[in-house]
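Enquirer: sequence first, then the predicted structure:
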Amino acid sequence: MGIISRGRAQNGQRAGTTVIAAGTKLVGDLALTDNLHIDGRIEGTVQSDAEVAIGEQGSIDGEIHASRILVSGHFQGNIEAERLEIAAGGRVDGDVVVGELIIESGAQFNGSSKIRGQEPPRQLGHMSDGEATEESEESAADQGTDNQKDSKKPAKTS
């Protein structure tokens, strides 16, 4: 379980993993190119080009901008990532903007989410409101014309 890629970077080079151990509290901003695993506490912003994993005892209060994020502990703040996975027992409180969101059974998510690249729901017609109205008026006019044609027929007399 987990998304840390066992020390292999996507480009074939080895990526390291920075660990914030249990009992450690980091206050401030952290920027790194390698993976990050948190078993302690961070208050601030985390910027990673790779993966961030918050362990069961770990917590972050702030922001995370990363490629992939796994939350088994607690996160409060804003997240921006390609993929966010909240594992069973994990909790996220805040707003997230992600490409992919996975919430396992037993996980908690309180906040709002926006999926990147998500298209707004498609309407039945492909026309703007103004065009649809004009078409409706034309259609109604055509029907009215048909009715007028019928009314111009001579009435039968007996």
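Expert: Yes, it's here.
Enquirer: is Val19 bridged to anything, and to what?
Expert: His37 (DSSP bridges).
Enquirer: what's the local residue count around it?
Expert: Other residues near Val19 come to 16 when the count uses other CB atoms under 10 Å. Where C-beta positions appear, they are placed from N, C-alpha and C, glycine not excepted.
Enquirer: now it: how far from Arg68?
Expert: In this view, Val19 and Arg68 are 17 Å apart by CB to CB, to the nearest Å.
Enquirer: next one: Lys25
Expert: Per CB to CB, Lys25 is found 24 Å from Arg68.
Enquirer: looking at the two, which has the bigger crowd around it?
Expert: The residue with more neighbours, out of Lys25 and Arg68, is Arg68; 21 against 10, by other CB under 10 Å.
Enquirer: residues touching the more buried one, list them.
Expert: Going by CB atoms under 8 Å, 6 or more residues apart in numbering, Arg68 touches 3, 50-52, 81-85.
Enquirer: secondary structure element for it?
Expert: Assigned by DSSP states H and E, Arg68 belongs to strand 59-71.
Enquirer: CA-only coordinates of the helix or strand just after that strand in PDB, if you can.
Expert: Sequence-wise, the next helix or strand downstream of strand 59-71 (DSSP H and E) is strand 74-86. This file holds the C-alpha atoms of strand 74-86, laid out as PDB (Å, rounded to 0.1, in the frame of the first residue of the first chain):
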ATOM      1  CA  HIS A  74      -3.700  14.000   8.900                       C
ATOM      2  CA  PHE A  75      -3.600  17.000   6.500                       C
ATOM      3  CA  GLN A  76      -5.200  20.400   7.000                       C
ATOM      4  CA  GLY A  77      -4.900  23.100   4.300                       C
ATOM      5  CA  ASN A  78      -4.800  23.200   0.500                       C
ATOM      6  CA  ILE A  79      -3.500  20.500  -1.900                       C
ATOM      7  CA  GLU A  80      -2.500  20.700  -5.500                       C
ATOM      8  CA  ALA A  81      -1.400  17.500  -7.100                       C
ATOM      9  CA  GLU A  82      -1.700  15.100 -10.100                       C
ATOM     10  CA  ARG A  83      -2.900  12.300  -7.800                       C
ATOM     11  CA  LEU A  84      -4.200  12.400  -4.200                       C
ATOM     12  CA  GLU A  85      -4.900   9.200  -2.300                       C
ATOM     13  CA  ILE A  86      -6.500   9.200   1.100                       C
END
